Structures are given as structure tokens and as C-alpha cells.
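1. 3D, please:
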Amino acid sequence: MDLGEILRVLRNRWYIVVPMLVLAIGLGVGTYIVVPPTYSTFTMVSLLNAPEATKAATQGNENPFLSFDASLIATADFLGRRLQSTDTVLQLKNAGITEEYEVALAENAQGPFLTITLKGEDQDHLIASANELARYAGVALDDIQRQNNVAEKNRIKLTQVIPPQKPEMEMKAKLKLVIVAAGGTLAFAFILTFVVESLSRARRRRAALAQAEEIEAPSVSAAATATPDIEGTVVLQLPPTAPAQRPLPPTSIPGPGSDAEKTQRIQMPPRPAATVQKETQPRRPGLSTTYQSNGDRGGQNANRVNGS
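-> Numbering: from 1, shown residues only. Alright, predicted model coming up:
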């Protein structure tokens, strides 16, 4: 089916296409109005070396921002996976953090930086949840080290580098719902249109076939009819045959040696009275002379008279 055929079907079934198109537009607009907008924000935390490790790396300087070794990156990855575990998600949801969040290492970062991204509908609650999640990350890091009997002076610390940013509207999720509502309705209208067209064509074919069978049925019944006999046999009633014609009497056919096959009869007009008749036999008035032409006599006068 080409594009022209598709457009023709859509045009012929406009009573299906037009209402469904209006319904699709209405559903799209309604979805955009009813569905609340989604906002997103993020915060960033960083892991810092323990005081003893900082003194050893900086020769007595206790500033933790002067030493970032590779072990901190591995610890940050471990902490991010711990925060996204199922048990932690349920624990945070019971604590009031109902928004969806994601924890991952910061892109293009050269240190142990974790980016915490949250998505929700309430902007104020979203910011509060981001701060609470950053605080919980520090508590979780300290609990992990305490469970592994790490001394206080050797424990890694966590600090918040970037506070939660102003929430921004996420149009992608909202537009996705609008497209699903409107596009799904249009797809259903397209399928429904061609289903109705297919059923209509099948009904027309059956009607045409039934009409053709009705036309052929009388001719078949006129040719031969069958009636059941008492004993269960079938007697075929054939149409009556035409009466036999009497043979025509044979006609006399001249033989191959007769002169009739070579004779050509020519009727001449009567001669005037002044013409001298050379025939030896007397001529009757009103009759003409007949000539016989054949291959043997060369068209000589046969002395025959019309009617002889």
C-alpha cells in the first residue's frame, strides 16, 4: 500500500480520523496541565584524608585539602554504591527523603568528589532532602569505618563542597507523558481506521461473490435438475431434445461426363422482325435463342429455345 492509498483511506474514513485527532490533542493538553512539573537539583561532597595521613603527607601540615591520594577515589566509589543500595533507599524514605536520587563520581574530576542528584515535585522539600542526603553520606562513611575498627585519628572525613542548587524544571519527563498520551491516541486511530477499511472491503467482496453465485445458480438448475427417488437414487431430468428431421430426398447430380457441368445458359433479347432468320426451324414469337458454351463446341448455337 503506497502513500496515496493511505491518504485515500484516511480521507474516506474521516469520521474516525477527525474525532480521534481531536481526542489526541485534548489528551495531550490535559496531560500537560494535570501532570505536575518535575524539578531537579544537585549537591557535591568530597572525601578528605584523615589527620594522621595529612600530617604524614604534608610533613606536619594538618590541612586535609593539601593531600588527595588515589585511595580516596576508591573510597568515594564505595560510599556511592552504599548510598544507592536497596536497604539505604528504604531507610532514607522512612526518614522523609522520598525523592529519587543518584550518587556518582563527578565527571572529569581528579579527586574523590561525589555528585548527588535529586528529582522531585516540591522545590523546598527537594533542597531539604539534598542537604539531608549529604549529611547522611557523612554519617554512613563514619559508620563504615567504625564498624571496621578504624581509629578516630585515622578516619576519612566528608565535607559538602557545593550546596544544593536552585531546582530547575525537568521538561523532558513531562513532554514524554504528553507524547505518550497524544501519540498513543493517534496510533490507535490509525490502526482503527485501517481495521474498519479492511472489514468493509471483506464485506464487499463477500457480497459480490454471493451475487455472482446467485447469477450462476439459475443457469445450472436449468441445465439439469435432480430429484430423489423412493429407493434413494437420484433421477436426472434432462431437457427435451429437438425432434428428428426427415431426410431430404436425394437430388439428381449430373455425372462427371455430362455437358451440364460445362454448359452456360445465356438469354438473348428477341431479334427484330426485319432480321432474316437463318434457322431451319420456325421461330415462335416472343422467344429468344439459347446458346450453349462449353469447352468442346466453342460457344456454338445449340438451337435451343427458352423453356426447353
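2. List the buried residues of stretch 87-99.
-> Within stretch 87-99, the residues that count as buried by 16 or more other C-beta atoms under 10 Å are Thr88, Leu92, Ile97, Glu99. For the C-beta atoms, the positions are set from N, CA and C on the backbone; glycine is no exception.
3. so can I have TSV of the residues you listed showing pLDDT, secondary structure and distance to Leu199?
-> Converted to TSV, the buried residues of stretch 87-99 look like this (pLDDT from 0 to 100; DSSP: H, G, I helix; E, B strand; the rest coil; distance: C-beta to C-beta, whole Å):
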residue	pLDDT	secondary structure	distance to Leu199
Thr88	91	helix	56
Leu92	90	helix	55
Ile97	89	coil	55
Glu99	90	coil	50
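4. Nearest to Gly4 among the residues you listed?
-> Closest approach between the buried residues of stretch 87-99 and Gly4, by C-beta to C-beta: Glu99, at 51.9 Å.
5. gap between the closest one and Ser40?
-> Relative to Ser40, Glu99 is positioned 9 Å away (C-beta to C-beta, to the nearest Å).
6. any residues in contact with both of the two?
-> Common contacts of Glu99 and Ser40 (C-beta atoms under 8 Å, 6 or more residues apart in numbering): Leu118, Lys119, Leu126.
7. The residues you listed in strands, which ones?
-> Among the shared contacts of Glu99 and Ser40, the residues falling in strands (DSSP state E) are Leu118, Lys119.
8. Show me which of the shared contacts of Glu99 and Ser40 are buried.
-> Listed as buried from the shared contacts of Glu99 and Ser40 are Leu118, Lys119, Leu126; burial here means 16+ other C-beta under 10 Å.
9. Pick out whichever of the residues you listed sits closest to Arg206.
-> Distance to Arg206 across the buried ones among the shared contacts of Glu99 and Ser40 (C-beta to C-beta) is lowest for Lys119, with 56.8 Å.
10. how close does that closest one sit to Gly30?
-> As judged by C-beta to C-beta, Lys119 and Gly30 stand 23 Å apart.
11. Same check on Phe42?
-> For Phe42 relative to Gly30 (C-beta to C-beta), the value is 32 Å.
12. So which of those two has more stuff around it?
-> A count of neighbours by other C-beta atoms under 10 Å puts Phe42 above the other of Phe42 and Gly30, at 18 against 13.
13. Quick check, that one in contact with Ala130.
-> Yes - counting by C-beta atoms under 8 Å, Phe42 does reach Ala130; the two are 7.4 Å apart.
14. residues bridging contact with those two, i.e. touching both?
-> Contacts common to Phe42 and Ala130, judged by C-beta under 8 Å, 6+ apart, are Ile116, Leu118, Pro164.
15. Which strands or helices does the top helix by length along the chain pack on?
-> The single longest helix within the chain, with elements called by DSSP state H, is helix 171-223. Here helix 171-223 touches helix 3-12, helix 14-34, going by 3 or more C-beta pairs under 8 Å, 6 or more residues apart in numbering; DSSP states H and E.
16. Mind doing that once more with 6 Å?
-> With contacts taken as 3 or more C-beta pairs under 6 Å, 6 or more residues apart in numbering; DSSP states H and E, helix 171-223 sits against helix 14-34.
17. could you give the angle of the helix it packs on to helix 3-12?
-> 80 degrees (axes from the mean of the first three to the mean of the last three C-alpha atoms, to 10 degrees).
18. After helix 14-34, heading C-terminal, what element do we hit next?
-> Next along the chain after helix 14-34, taking DSSP states H and E as the criterion, comes strand 38-48.
19. For that next one, which strands pair with it and how are they oriented?
-> Taking DSSP bridges as the criterion, strand 38-48 forms sheet pairs with strand 113-120 (antiparallel), strand 157-162 (antiparallel), strand 168-170 (antiparallel).
20. Those strands: which one's closest to Ala181?
-> Comparison of these against Ala181 by C-beta to C-beta identifies strand 168-170 as nearest, at 17.6 Å.
21. can you list the residues that contact that closest one?
-> Applying C-beta atoms under 6 Å, 6 or more residues apart in numbering, the contact partners of strand 168-170 are Pro37, Thr38, Tyr39, Ser40.
22. ok, the first one to Ile127 distance?
-> Taken as C-beta to C-beta, the spacing of Pro37 relative to Ile127 amounts to 16 Å.
23. In CSV, list the shared contacts of Phe42 and Ala130 along with pLDDT and distance to Ala76.
-> Shown next, in CSV, are these (pLDDT from 0 to 100; distance: C-beta to C-beta, whole Å):
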residue, pLDDT, distance to Ala76
Ile116, 94, 12
Leu118, 93, 18
Pro164, 92, 19
